[in-house]
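All I have is the shape, not the residue letters:
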């Protein structure tokens, strides 16, 4: 009888691809799916703490920020984690764990798409 055990190897977690939100508002009406996705993004940014966290990550040197560098926004650490999770679920941030810390990045394609969508609507 053998004492050999089979261990399953897990694939490394691949960061979710973040898709741009939608076409410019003046180009064509949004589909139901585009409207849902875009509303989630703007709803996530509608909270002052989330908007501040998003801004802290976006303006951080190197284009990414460790959660340890951006957690001083006037709320508790669990609340910061909750808000970062909501921003990530909305597709506004991506994250990567390095050791015990998590680093967040604003996806440039998302920011560009949101800016294009709103910019052309204001012209």
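Nice, thanks for sending it over. Note that the coordinates shown come from a computational prediction; the quantities given were computed from them, not determined experimentally.

all contacts plus neighbour counts: C-alpha atoms, from now on.
Will do.

Near the nearest residue to residue 70 once chain neighbours are set aside, how many other residues are there?
Closest residue to residue 70 apart from its sequence neighbours, by Cα to Cα, 6 or more residues apart in numbering: residue 56 at 6.5 Å. Look at residue 56: counted by other Cα atoms under 10 Å, it has 19 neighbours.

can you give me the mean pLDDT across the helix or strand hosting residue 56?
Secondary structure from DSSP states H and E places residue 56 in helix 48-59. Taken as a whole, helix 48-59 carries a mean pLDDT of 93.

Show residues contacting it.
Residues outside helix 48-59 that contact it (Cα atoms under 8 Å, 6 or more residues apart in numbering): 44-45, 63-65, 70, 73, 83-84, 87, 93, 104-106.

can you rerun that using 6 Å?
With contact meaning Cα atoms under 6 Å, 6 or more residues apart in numbering, helix 48-59 is reached by 45, 64-65, 83, 106.

Distance of the residue nearest the centre of the chain relative to residue 72?
The residue lying closest to the centre of the chain (Cα atoms, centre = their mean) is residue 93, at 1.6 Å. In this view, residue 93 and residue 72 are 18 Å apart by Cα to Cα, to the nearest Å.

and what of residue 46?
Counting by Cα to Cα - residue 46 and residue 72 are separated by 19 Å.

Helix 48-59 and the helix or strand bottoming out on mean pLDDT in the chain, what's the angle between them?
Considering only helices and strands, the least confidently modelled element of the chain by mean pLDDT, DSSP states H and E is helix 108-122, at a mean of 73. Comparing the axes of helix 108-122 and helix 48-59 via axes from the mean of the first three to the mean of the last three Cα atoms, to 10 degrees yields an angle of 110 degrees.

That'll do, ta.
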